[in-house]
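Q: For reference, the sequence and a predicted model appear below.
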Amino acid sequence: MKKRVQKYLVTVIVLFFSAAMLAGPVLKEAAAQDKYPSRAIEYIIPWGPGGGGDQIGRKTGPILEKFLNVPFPVINVPGATGGTGITKMLAAPADGHSILLYIADTHAVLATSTASWKMTDLVPVARLMLCPSFLFVAENSRFKSWADFEKEAKAKPGTLKVATLGFGSVDDITLSYLEGKGVKIIQVPYSKPSERYVSVLGTHVDALYEQAGDVRQYITGKQIKPILIFGPQRLPAFKDVPCSREVGYDVGLPQFRSIVVKAGTDPKKVKVLSDAFGKVAATPEYKAFLGEHYATADSYLNNEECTKFILSELDSMNKTWGAKKKK
């Protein structure tokens, strides 16, 4: 009897360890699947190389890699005011391994036209940058000030050309607002930032709608100069440049740059990403980057704050565009 019990116990022990050995790889694989991120995260920039969107992606990507220990390859997917990049992201699984840079110009399409996506298709992760937009002219332009540009635009409506990101963008909303006030220009859209910059440098257009940080090298190189800041106040770095409100135009939709993921992504993964971007925003390296782009020091918002901000901005865009359409 004693031998039978011993044999039984040995059999049980053998079966136990056999089961453990078999379960080990399965549990290990399951743990790897639960870990996030478990592989490279695709960082989609829906604009061409060289512009502000591309710059922020290539600045934050390497810093993120240090915090999350996975690669963040930047992929440029220009077209349709950001819509082409959104389509690419929405085609990927909602697993947090594909993120998209979502900016004010893309957001504006929801207010100005029929977009191929809805806000409910996206989940905001974080706001990374907030800064005003400007109107620039070439350093050797015949326009020495906003007053000069405004005077000719009103005297010869529909003759001055302004390079923009694209129709339906914040550029479009702002310039259409000015058109409603008698400052009528012709928009010349360029999806590639480099083409926009060359257009004003080569005098193919009369002015450029852009953020100062994106063209900093041309400003410091004395190739272009700002003549108007869109917003409620002047900036210390450009103290001699008037803001739109002081010259009678109450428009100043700020340019923001944020991160979104596909709707349906696990909220825990969204928080991991949001917190990681928060760590990026707190680094001296990124703070210096914001300064170089003339952005607000408190640009970063977490996913909850970013969601509220983005919805509020859409409301402002709808009101400004709606007022333009009523004229």
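A: Perfect, I can see it now.
Q: Phi and psi next, for Ala111.
A: In terms of degrees, to the nearest 10, the main-chain angles of Ala111 are phi -90, psi -30.
Q: What score does it have for pLDDT?
A: On pLDDT, Ala111 comes in at 94.
Q: Could you check the pLDDT of the closest residue to it other than its chain neighbours?
A: Excluding the flanking residues, the one nearest Ala111 by Cβ to Cβ, 6 or more residues apart in numbering is Met317, at 3.9 Å. C-beta coordinates here come from the backbone N, C-alpha and C atoms, glycine included. We have a pLDDT of 94 for Met317.
Q: Same question for the one 10 residues further on.
A: With respect to pLDDT, Lys327 scores 51.
Q: Toward the C-terminus from the biggest strand by length in the chain, list the very next helix or strand.
A: When the chain is parsed with DSSP state E, its longest strand is strand 122-131. Remark: after strand 122-131, the chain's next helix or strand is strand 133-138, criterion DSSP states H and E.
Q: Give me the sheet partners of that following strand and which way each runs.
A: Neighbouring strands of strand 133-138 in its sheet, by DSSP bridges, are strand 207-210 (antiparallel), strand 224-230 (antiparallel).
Q: and the longest strand of the chain, what does it pack onto?
A: helix 52-68, strand 98-103, strand 255-262, helix 267-281, helix 303-326 (3 or more Cβ pairs under 8 Å, 6 or more residues apart in numbering; DSSP states H and E).
Q: Format those as JSON lines; extra columns: mean neighbour count.
A: Shown next, in JSON lines, are those (neighbours: other Cβ atoms under 10 Å):
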{"stretch": "helix 52-68", "mean neighbour count": "19"}
{"stretch": "strand 98-103", "mean neighbour count": "26"}
{"stretch": "strand 255-262", "mean neighbour count": "25"}
{"stretch": "helix 267-281", "mean neighbour count": "18"}
{"stretch": "helix 303-326", "mean neighbour count": "16"}
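Q: Looking at those, spot the one closest to Ile224.
A: helix 52-68 (15.0 Å; Cβ to Cβ).
Q: what helices or strands is the closest one leaning on?
A: Packed next to helix 52-68, using 3+ Cβ pairs under 8 Å, 6+ apart, are strand 42-45, strand 74-76, strand 98-103, strand 122-131, strand 255-262, helix 267-281, helix 284-292.
Q: Save the ones you listed as TSV, and put in mean pLDDT and distance to Val137 too.
A: Formatted as TSV, these follow (pLDDT from 0 to 100; distance: least, Cβ to Cβ, whole Å):
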stretch	mean pLDDT	distance to Val137
strand 42-45	98	28
strand 74-76	97	28
strand 98-103	98	24
strand 122-131	97	20
strand 255-262	97	19
helix 267-281	98	33
helix 284-292	96	22
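Q: Any idea which of these gets closest to Gly248?
A: strand 255-262 (21.8 Å).
Q: what pairs with that closest one, and is each one parallel or antiparallel?
A: Sheet pairing for strand 255-262, using DSSP bridges, gives strand 98-103 (antiparallel), strand 122-131 (antiparallel).
Q: Save these as JSON lines, and put in distance to Ile44 too.
A: Converted to JSON lines, these look like this (distance: least, Cβ to Cβ, whole Å):
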{"stretch": "strand 98-103", "distance to Ile44": "5"}
{"stretch": "strand 122-131", "distance to Ile44": "12"}
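Q: Alright, calling it a day.
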